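K.L.:
need a 3D model of the following:
(2 chains)
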Amino acid sequence: MNKWLWLLLIVTCWMAIGVAVFGFREGRGHSSTPLPDRIGRIVSLAPNITEILFAIGLGDEIVGVTLDSDYPSDAAEKPKVGTFWQPDIEAVVAAKPDLVITLGFEQQKNLAERLRRIGYNGLTVNIEKVGDLFAAIEKIGAETNRQRQANELTGRIRAKLQRLATLVDTGDNVRVLWVVQREPLRVAGRGTFVNEMIELAGGENAIGPTVHKYPPIGSEQVLASYTGVIIEPTMGGGDIKGQRDRALQYWSKFKYIPAVASNRVYVIDGDKVSRLGPRLYEGTETIARCLRPEIFKNIKQ
Amino acid sequence: MKQLLTPKKLAIRVGSALLLLAAVMFVCSMIGTETVSLKAVFTGGGTEASINPDYVIFFRIRLPRIILAGLVGAALACAGVVFQVLLRNPLADPYILGISSGAGLGAIIAVISGFNWTLWGRSPIAVFAFSGALGTIWLVWFIGRLTGKFHVTGLLLAGVVVNAFFSALMMFLTSIAKSDQVYATIFWLMGNMKEGDFLVLWIAAGCVVGGIVALFYIGPQLNALSFGADDARSMGVNVAGTRIIAFGIAAGITAVSVSLSGLIGFVGLVVPHGVRLVLGPDHRQLLPLSGIAGAIFLVIADTLARVIVAPAQLPVGVVTAIVGGPLFLILLVKYSRKVNWLK
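P.N.:
Model (predicted):
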């Protein structure tokens, strides 16, 4: 029994030493260091944050982006610090950033927190809804001394959306089924930013409120949705025509729903509508063009 | 020609294995996506205004991560040894009784609920996963007891059913979660290493090393148990007591490692078998050497995960399975004629 007592004693002492030596550091290091007057080196950990930074004139200050930051084309030239889901913390540190901007998702938030503990400045913004986007742009602007540019950017997007709203305001809303995946069939639900874009474009989600954000639905609901338009964004860019052929073939079995009967199945470039960023208006206009081609017949993109 | 395990021989083997572990850890700390110069590292951390990136990468990121990988590898391998002997089942691993799904369920609940606090730099996921793991193992143990006094089949079946039930709950929650939450959970389920806070490392080291030493204490009883409960009893072993201690410690260190790094498969299955195949089934030797071998294995696997698809990172669970599978098959073919399974 003696050896058990010794083990217990040693482990207890070990724990006590650990708490005594490292425990008190907890409070320290959390007071975030004040930002330098001029932020010269920024790491962006999400493609839409990269877009925001470029849009408010901070393109030159970016010293690291994730692999999927491909817009604007200059972003693709920047040094890479891992992927959106699996950022490489060593690469972030090696980029010697003054500021690291992340989204509020678990992996991202977690990385920002870890960097803060080491002594770096992190900024976490949530961009899940259209309202969040405007708030995030202004927050990033405030943190980087670019308030004016940020306010101009949000003002510009808001004005364009307003103009679009008056253009498409015809009293009746087009019903839209937004297909994110065909097998098994999954569509965008009401709680998504895509739903907001559809509404901004003068449409209405053909699917009612659901538990899921992107609910899987059966053929019965497809028929019941009585949708006037089906929109499929491409995944990972690329072959729009090929995907349209496959989409038409798939949807031909639902020939009783209005969208298929009147040949209104659209495949659009997913790049514009899959991230919530400064190109919000362009994405919304693309949707609006699918919903009401007659209005946009004479308007150039 | 059977050689007996003398204390001297054991000490030499454990000592040289520890040296090998230290060497592997040093080499791996030199490998990474960023090149770090040792000279720059030892110039210190720099000031708040200009942080020395070499120092930060080496001491605050890479080294803690390597130590963490070592601890998790050791814990999983030793827990694997114990579950294999307790359940008398060569397929047993630390997750066989549902720890994985319990921890996974805890993790996804933490992700979905979106709590926004940290405990020593660990997210709520770690805390929930730990509680989920321990809660599940207690539930399985409790159900197993109802089927009879530590009836191995009852325990295993209870584990399988609880596992299936919690997996179904996890799938339900995953299906209604937002896509980013789903991704967060999937990456957690594949096992992910990240650097730990010093205090977390220190406490984890205390738990894991203390647990392994305690298991080493009951090595002779475990040897007797591997012949079956009746034989062990006739040899004068306190079967029920040994089982409870071994089971509790193995579940505890597994829960600690799961909360630190998510679900890393394969280490707990392959490493104990590998060591057993090469060096024999004596638990006094099997436990410490499996622990060290598990640490070496996971440190190497994690280093590969860090650099193989740089600048992206792979979940370490992917690497352990890809590297561990073939390695284990080689050992199996080469040594299996020498070994009578679990005897």
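K.L.:
interface residues of the stretch 101-250 of chain A facing chain B?
P.N.:
The stretch 101-250 of chain A comes close to chain B at residues A:105-107, A:110, A:113-114, A:117-120, A:211-214, A:216, as judged by C-beta under 8 Å from any C-beta of the partner chain. All C-beta atoms are positioned from the backbone trio N, CA, C, and that covers glycine.
K.L.:
show me how to select, in ChimeraX, the buried members of those.
P.N.:
To isolate the buried members of these in ChimeraX, using 16 or more other C-beta atoms under 10 Å in any protein chain shown:
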select /A:105,106,107,110,113,114,117,118,120,212,213,214
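K.L.:
biggest separation within the residues of the stretch 101-250 of chain A next to chain B, which pair?
P.N.:
The two members of these with the most space between them (C-beta to C-beta) are A:119 and A:216, at 44.8 Å.
K.L.:
endpoints of stretch B:305-314, how far apart?
P.N.:
Stretch B:305-314 has an end-to-end distance of 5 Å (criterion: C-alpha to C-alpha, to the nearest Å).
K.L.:
list the buried ones in it?
P.N.:
B:305-307, B:310-314.
K.L.:
please enumerate residues in contact with it?
P.N.:
By C-beta atoms under 8 Å, 6 or more residues apart in numbering or on different chains, the list of residues contacting stretch B:305-314 from outside reads A:67, A:80-83, A:86, A:88, A:90-91, B:31-33, B:65, B:193, B:304, B:315-316, B:318-319.
K.L.:
now which of those would you call buried?
P.N.:
Here, 16+ other C-beta under 10 Å leaves A:67, A:80-83, A:86, A:88, A:90-91, B:32-33, B:65, B:193, B:304, B:315-316, B:318-319 buried among those.
K.L.:
among the residues you listed, which are in helices?
P.N.:
For the buried ones among the contacts of stretch B:305-314, the ones inside helices are A:90-91, B:65, B:304, B:316, B:318-319, with DSSP state H as the criterion.
K.L.:
now the helix or strand hosting residue A:54: how far from the chain's centre is it?
P.N.:
Element membership of residue A:54, judged by DSSP states H and E, is helix A:47-55. Distance, stretch centre to chain centre, for helix A:47-55: 11 Å (C-alpha atoms, centre = their mean, to the nearest Å).
K.L.:
that one - what's its average pLDDT?
P.N.:
Averaged over helix A:47-55, pLDDT sits at 93.
K.L.:
ok, stretch B:203-212 next?
P.N.:
93.
K.L.:
quick check, it touching chain A?
P.N.:
Yes: against chain A, stretch B:203-212 shows contacts by C-beta under 8 Å from any C-beta at B:203, B:205-207, B:210.
K.L.:
widest-spaced pair of these?
P.N.:
Checking the residues of stretch B:203-212 next to chain A with C-beta to C-beta, the most distant pair is B:203 and B:210, at 10.5 Å.
K.L.:
that older thread, identify the farthest-apart pair in the buried residues of stretch B:305-314.
P.N.:
Between all members of the buried residues of stretch B:305-314, the farthest pair (by C-beta to C-beta) comes out as B:305 and B:311, at 12.9 Å.
K.L.:
mind listing the helices for the stretch 151-300 of chain B?
P.N.:
B:152-176, B:179-189, B:198-217, B:219-225, B:229-234, B:239-261, B:267-279, B:283-307 (DSSP state H, counting those that start in this stretch).
K.L.:
and the angle for the last one with helix B:267-279?
P.N.:
Spelled out, it's helix B:283-307. Helix B:283-307 runs at 130 degrees relative to helix B:267-279, counting by axes from the mean of the first three to the mean of the last three C-alpha atoms, to 10 degrees.
K.L.:
helix B:283-307 versus helix B:198-217: what angle between them?
P.N.:
Going by the same axes, to 10 degrees, helix B:283-307 makes 150 degrees with helix B:198-217.
K.L.:
burial count for residue B:50?
P.N.:
Neighbour count of residue B:50, defined by other C-beta atoms under 10 Å in any protein chain shown: 8.
K.L.:
again with the one 4 residues further on
P.N.:
When counting by other C-beta under 10 Å, one arrives at 22 neighbours for residue B:54.
K.L.:
mind listing what's buried along the helix or strand harbouring residue A:259?
P.N.:
Residue A:259 belongs to helix A:258-261 when assigned by DSSP H and E. Neighbour-count burial for helix A:258-261 flags A:259-260 (criterion: 16+ other C-beta under 10 Å).
K.L.:
ok, stretch B:42-61 next?
P.N.:
B:51-61.
K.L.:
who touches that stretch?
P.N.:
A:33, A:36, A:89-90, A:93-94, A:96, A:118-120, B:29, B:32, B:34, B:36-37, B:40-41, B:195.
K.L.:
list only buried entries from those.
P.N.:
Using 16+ other C-beta under 10 Å, the buried ones in the contacts of stretch B:42-61 are A:89-90, A:93-94, A:96, A:118, A:120, B:29, B:32, B:34, B:36, B:41, B:195.
K.L.:
which single one of the residues you listed is nearest to residue B:142?
P.N.:
Closest to residue B:142, out of all of the buried ones among the contacts of stretch B:42-61 and judged by C-beta to C-beta, is residue B:195, at 36.6 Å.
K.L.:
which residues touch that closest one?
P.N.:
With C-beta under 8 Å, 6+ apart, residue B:195 has these contacts: A:89, A:114, B:60-62, B:64-65, B:68.
K.L.:
got the CA positions of stretch B:135-148 in CSV?
P.N.:
Taking Å, rounded to 0.1, in the frame of the first residue of the first chain, the C-alpha atoms of stretch B:135-148 are listed here in CSV:
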residue,chain,number,x,y,z
GLY,B,135,-20.3,9.9,-18.1
THR,B,136,-20.5,7.3,-20.8
ILE,B,137,-18.0,5.0,-19.3
TRP,B,138,-19.8,5.1,-16.0
LEU,B,139,-23.1,4.4,-17.8
VAL,B,140,-21.6,1.4,-19.6
TRP,B,141,-20.0,0.1,-16.4
PHE,B,142,-23.3,0.5,-14.6
ILE,B,143,-25.3,-1.4,-17.3
GLY,B,144,-22.5,-4.0,-17.4
ARG,B,145,-22.9,-4.5,-13.7
LEU,B,146,-26.6,-5.1,-14.1
THR,B,147,-25.9,-8.0,-16.5
GLY,B,148,-23.8,-9.8,-13.9
